[in-house]
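Student: Just to be clear, the model below is a prediction. Sequence and coordinates:
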Amino acid sequence: GFPRTLGQAEALDRICELDLVISLNIPFETLKDRLSARWVHPASGRVYNMDFNPPQVQGVDDLTGEPLVQREDDKPEAVAARLRKYKDAAKPVIELYKSRGILHSFSGTETNKIWPYVYTLLSSKIPPVLSDKEN
C-alpha cells in the first residue's frame, strides 16, 4: 500500500488532498504465508503463487519451461522481518488518517469476502461513470 511511512504521507499531502483511505487488516500469518508462496520467472516477471496461482508444472514457468525462483525478500524469514518493519512504519500513518476521520478499515483473510465491503464504500463515494449511450 501507499503511503507506507509518515514521510510519504506528508509528501502526498503536498500534492493532493485525500478524502478516503482504506486499510486492509490481514493477519500476520496469512500475509507471511501468501508472500512466502510467491515464485517468479525472472526473465518475464511472471508471478506465481503456489497456493492460488501455481504453475502447471511445479517449479517451472508455464510458457518457457524455465525454472522459477523465489526472491530473497519472499523467503519466510525475510517476509516476517518486512512485515514487522512495515507495521512499525505504518502505525503513525494509520493514526494520522484515523485522526482526520478518513480511514476506513476492513479485516479478513479472503479477497472475495473483503471486496464487497470495499466496493460498497467506494461506490458510495465515487459517482458511476456513464457510457456515451447513457448520457
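Tutor: Arrived safely, thanks for sending.
Student: So, low pLDDT: which residues of this protein?
Tutor: Applying pLDDT under 70 to the chain picks out residues 131-132, 134-135.
Student: Quick check: what element follows the longest helix that the chain contains along the chain?
Tutor: In the chain, with assignment by DSSP state H, the single longest helix is helix 76-99. Next along the chain after helix 76-99, taking DSSP states H and E as the criterion, comes strand 103-107.
Student: Which other helices and strands does that next one contact?
Tutor: strand 21-25, helix 111-125 (3 or more Cβ pairs under 8 Å, 6 or more residues apart in numbering; DSSP states H and E). Backbone N, C-alpha and C define where each C-beta goes, glycine included.
Student: residue contacts, the residue nearest to the spatial centre of the chain?
Tutor: Nearest to the mean C-alpha position of the chain, counting by Cα atoms, centre = their mean, stands G1 at 5.5 Å. Contacts for G1 (Cβ atoms under 8 Å, 6 or more residues apart in numbering) come out as 23-24, 90.
Student: Distance to G65 and neighbour count added to these, as JSON lines?
Tutor: Output for these, formatted as JSON lines (distance: Cβ to Cβ, whole Å; neighbours: other Cβ atoms under 10 Å):
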{"residue": "S23", "distance to G65": "41", "neighbour count": "15"}
{"residue": "L24", "distance to G65": "36", "neighbour count": "13"}
{"residue": "A90", "distance to G65": "40", "neighbour count": "17"}
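Student: could these go into TSV alongside distance to A37?
Tutor: Below are the contacts of G1 laid out as TSV (distance: Cβ to Cβ, whole Å):
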residue	distance to A37
S23	23
L24	18
A90	23
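Student: now, among those, which is nearest to T111?
Tutor: L24 (9.4 Å; Cβ to Cβ).
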